[in-house]
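> this is the structure alone, sequence omitted:
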């Protein structure tokens with residue numbers, strides 16, 4: 001393998017805190033450093049800004065995504081699920097990774113060096129891009145799940161703990177997307 005085929009990737013996740021749905025991670029290796037759309041931590045962008053940025057990132061980067069289900073989160077806990085999703089994302093990256101910047105303080109089992117960076121999604125372009133890819137991917141998944149599990153409001157709250165979500169849980173009980181190991185759900189299960 002030629003050295004120019006090896007890349008530096010940024011990695012971030014979305015969905016550690018929700019009561020329902022998967023945790024999704026993205027690994028992004030940039031081909032360009034200039035973006036016409038605003039690139040930042042996904043939490044600091046509007047939904048429409050994230051969608052536009054997502055489309056531009058897909059055109060200007062190699063992207064890998066990892067997804068870990070609610071059922072597996074319940075079995076291995078959210079921290080281990082986050083690790084697994086990040087490792088999957090790096091594995092699914094179409095180019096061989098030489099080094100990775102990981103958002104936060106998560107430790108991974110990788111065959112190459114990496115650096116954990118607190119607030120990496122606000123400090124490093126590739127990690128910001130990964131943040132956007134993970135968030136938009138997860139949000140789109142939750143919109144689809146809303147059609148399979150109507151009544152919970154997944155399309156609007158994306159599985160996060162809201163009054164609407166709690167009311168739906170009390171009315172309908174949990175569905176297979178719910179993380180039954182999370183304390184808020186133990187009160188209604």
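Nice, thanks for sending it over. Small disclaimer: the values here were computed from a predicted structure and weren't measured.

> wait, what's in contact with residue 116?
Contact partners of residue 116, counting by Cβ atoms under 8 Å, 6 or more residues apart in numbering, are 102-107. (C-beta placed from N, C-alpha, C; glycine too.)

> that one - that's part of a helix, no?
No: under DSSP: H, G, I helix; E, B strand; the rest coil, residue 116 sits outside any helix and is assigned strand.

> for it, list each beta-bridge partner.
As for beta bridges, residue 116 partners with residue 102 under DSSP bridges.

> what distance do you get for it to residue 124?
From residue 116 across to residue 124, the span is 11 Å (Cβ to Cβ, to the nearest Å).

> hmm, back to that, farthest pair within the contacts of residue 116?
The largest distance within these, taken as Cβ to Cβ, falls between 103 and 107 and amounts to 12.8 Å.

> who has more neighbours, those two?
residue 103 (26 against 10; other Cβ atoms under 10 Å).

> my guess is the more buried one contacts residue 11. True?
Yes: under the criterion of Cβ atoms under 8 Å, residue 103 makes contact with residue 11 at 6.6 Å.

> shared neighbours of the two, anything?
127, 130.

> which secondary structure elements does the helix or strand hosting residue 99 sit against?
According to DSSP states H and E, residue 99 maps onto strand 96-103. Judged by 3 or more Cβ pairs under 8 Å, 6 or more residues apart in numbering; DSSP states H and E, strand 96-103 is in contact with strand 6-14, strand 23-30, helix 78-92, strand 114-117, helix 120-123, helix 125-148.
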